[in-house]
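Undergrad: with the input below, show me the fold.
(one chain, ligands or ions: 2)
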Amino acid sequence: MTLVEQVQAAGVVGAGGAGFPTHIKLQGRCEAVIANGAECEPLLHKDSCLLEHQAPQIVDGLKRTMEAVRASRGWIALKRKHAAIVEAVRAAVRGTDIGVHLLGDYYPAGDEFVLVHEVTGRLIPAGGIPLQVGCVVQNVETLVNISNAASGLPVTKKVLTIAGAVRDPTTLVVPLGTSIRDCVIAAGNPTVADPVLLVGGVMMGELSTCLDSPVTKTTAGVVILSADHPIAKRRGLTAASMRAIGRSACDQCRYCTEYCPRYLLGYGVEPHQVMRGLGFSMVGEPSWSTWAGLCCACGLCTLYACPEGLFPKEACDDARAELKRNGWKPDGDVPIAPHPMHSGRRVPAQGLLRRLHLQEFDHPAPLKHDRVQPARVVLRRKQGAGVAAVPIVGTGAEVSSGALVAEPPPGQLGARLHAPIAGTIASIDAESIVIQHHL
Ligand code: SF4
Ligand code: SF4
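TA: Ligands and ions are numbered 1, 2, ... in the order given. Predicted structure coming up:
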C-alpha cells in the first residue's frame, strides 16, 4: 500500500483546522513540507505537548509526507518560548533534511498564510493554497496520525486541552466520541457554577453550553469560562445585536484593519470597510463586501483591535457567507506585497491574554493518557471537510476497537471512521453512530 492509501484507509484528516482529508494533500508535489506546531489559540497546549512527548513520531510522519510529495525540505515550526521543547525537537531532527523554524510568541502565528510567509518568505496567491507556492502544511498531530497510519493504525483518538475555569487544566488523549463532559470531569470539573464552553478555543472556537457534545477529529481543546466572563458575554450576543451595534457605533477608526494579519500581509482584507457596508445595507438584509473575502476568521479585529468593542470579525463572517452564496472568487493574479509594518504590528500573545481577561487561567496543561475511558462514544459521521461517512455496520453489530464502521461514498470527499472503543453499535442516525462498551 502507498502512504496515500494507508492514510486514506486510516481516516486521517487535518487535526488543526477544518479537517480536510489528508490523503488528498499527500497527492500533490511540492518543495517543502511545514509541520505546524505554532499553536497560538490562548490556553491551548495540545500541539506543544505532542512536540514535547512525541517529537520522533512527528519527525517520522514528516519524513513520510516529504517522501510522498517528493519534497526536498522539511520544517518544524514552533514557538521559540518553549525552550525545552525546542531542544527535544532539535534532537529528533538531527541527521535529517528537516529544519527547526522558531516563531515569535504572537497571534495568529499558525495561520497557513502567515506561517508559509514566515518560514519560506513566499506569499500564497489570494484565495489559493500553500501548494501553489511549493508547500504543504500539516498540523503536528496530523503527522502523528500519518505515522500511525503507516503502521496500520487508524485514527481513533484525539488529543485536546481542557483549560480555563477548571481545577486541573489538562491535555488529554481520549477516544473519539468521548463527551466533553467526561473530559471536563477529567480536568477536575469547572470552578464556576455557570460554565460556558469555547469549543476549539477562545479566538476561533464556538460558544456552547452543551457538555454532551462529542469530541471529533478536529476538537483541539475546550476553554471553560463563567457565563459572566467578558468574553462569554461578548460571544453570547445575537448576530442581530452585533450588527445593530456595529451599524450605529463604528467610527471608522480603521484599528480593526490596521491589526488584521491578512491585511498586513498585503491581502485585500479591510474589516472597517465591511463595517461601513453594514450602514449601507437594509436592516435584516445580507451585507455584501468583498473586503471580507480573504478573512481567516482569526478574531483579532473583534477581540483585540476594536476600541469600541464592536464585532468586525462577525461582520466579515456574514459577508463571507454571502460571497460564497453568490459564487464570488478572489483574483489570484493580484500582486501581493506585505505592509511595511507587518512584522512590527504583530499582536503579542501575552498582550492578547490581558485583553481577553484570561491571565488568571494561563497555566500549563500537562499531557495525560488514558484518564478518560468512556463506556459510550458518539461518533459524528461528518468530522471534517466533505460528506458524512456512510455506516457499513448495522445497529446491534459487535465491533472491536479500530474496526472500520463508516466510509464516504465512492468518489466523494470525506474520511473513514473507525470504532474508538470495542462494543455494540447502539444506534445510528443521520448525524452519529453510537457505540456502547460492554462492562
Ligand atoms: S476598530 Fe471598531 S470602531 Fe474602528 S473601524 Fe473597526 S469596527 Fe469600527
Ligand atoms: S477576523 Fe478580522 S483580523 Fe482576522 S483575518 Fe478576519 S478581518 Fe482580519
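
Undergrad: thought residue 361 was touching residue 161?
TA: No. Judged on Cβ atoms under 8 Å, residue 361 makes no contact with residue 161 at a distance of 11.3 Å. Bear in mind the C-beta positions are built from the backbone N, C-alpha and C, glycine included.

Undergrad: mind listing the shared neighbours of those two?
TA: 43, 169 (Cβ atoms under 8 Å, 6 or more residues apart in numbering).

Undergrad: out of these two, which sits in the busier spot?
TA: Taking other Cβ atoms under 10 Å, residue 361 and residue 161 do not tie; residue 161 has more neighbours (30 against 22).

Undergrad: what is that one paired to in the beta sheet?
TA: Residues in a beta bridge with residue 161, per DSSP bridges, are residue 171, residue 221.

Undergrad: kindly report the same for the one 5 residues further on.
TA: For residue 166, the beta-bridge assignment (DSSP bridges) gives partners residue 190.

Undergrad: ok, now which ones touch it?
TA: Residue 166 makes contacts with 184, 187, 188, 189, 190, 191, 224, as judged by Cβ under 8 Å, 6+ apart.

Undergrad: now the terminal residues of stretch 35-49, how far apart.
TA: In stretch 35-49, first residue to last residue: 15 Å (Cα to Cα, to the nearest Å).

Undergrad: buried subset of the contacts of residue 166 as a ChimeraX selection?
TA: Buried members of the contacts of residue 166, defined by 16 or more other Cβ atoms under 10 Å, are picked up in ChimeraX with:
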select :184,187,190,224
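
Undergrad: can I get the contacts of residue 166 in CSV with pLDDT?
TA: Formatted as CSV, the contacts of residue 166 follow (pLDDT from 0 to 100):
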residue, pLDDT
184, 98
187, 97
188, 97
189, 97
190, 97
191, 97
224, 98
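
Undergrad: report the residue ranges of every domain in the chain.
TA: Domains of the chain are assigned by automatic domain parsing as 3-150, 157-229+358-369, 246-339, 376-436.

Undergrad: closest to ligand 2 out of these?
TA: domain 246-339 (3.1 Å; Cβ to the nearest ligand atom).

Undergrad: now that closest one: how far from the chain's centre is it?
TA: 21 Å (Cα atoms, centre = their mean, to the nearest Å).

Undergrad: equivalent analysis for stretch 174-192, please.
TA: So, by Cα atoms, centre = their mean, the centroid of stretch 174-192 is 19 Å from its chain's centroid.

Undergrad: quick one: end-to-end length of it, please.
TA: 24 Å.

Undergrad: low-scoring stretches of the stretch 251-400 of the chain, by residue?
TA: Residue ranges of the stretch 251-400 of the chain with pLDDT under 70: 281-287.

Undergrad: need the phi and psi values for residue 425.
TA: phi -70, psi 110 (degrees, to the nearest 10).

Undergrad: for residue 235, which of the domains of the chain is the nearest?
TA: Taking Cβ to Cβ, domain 157-229+358-369 is the member of the domains of the chain nearest to residue 235, at 4.4 Å.

Undergrad: shouldn't residue 41 be in contact with residue 219?
TA: No. Taking contacts as Cβ under 8 Å, residue 41 lies outside contact range of residue 219: 12.0 Å.

Undergrad: what residues are shared contacts of these two?
TA: residue 200.

Undergrad: between those two, point out the one with more neighbours.
TA: Between residue 41 and residue 219, residue 41 has the larger neighbour count (other Cβ under 10 Å), namely 28 against 25.

Undergrad: from ligand 1, how far off is the more buried one?
TA: Applying Cβ to the nearest ligand atom, to the nearest Å, the value for residue 41 to ligand 1 is 22 Å.

Undergrad: again with residue 359
TA: 23 Å.
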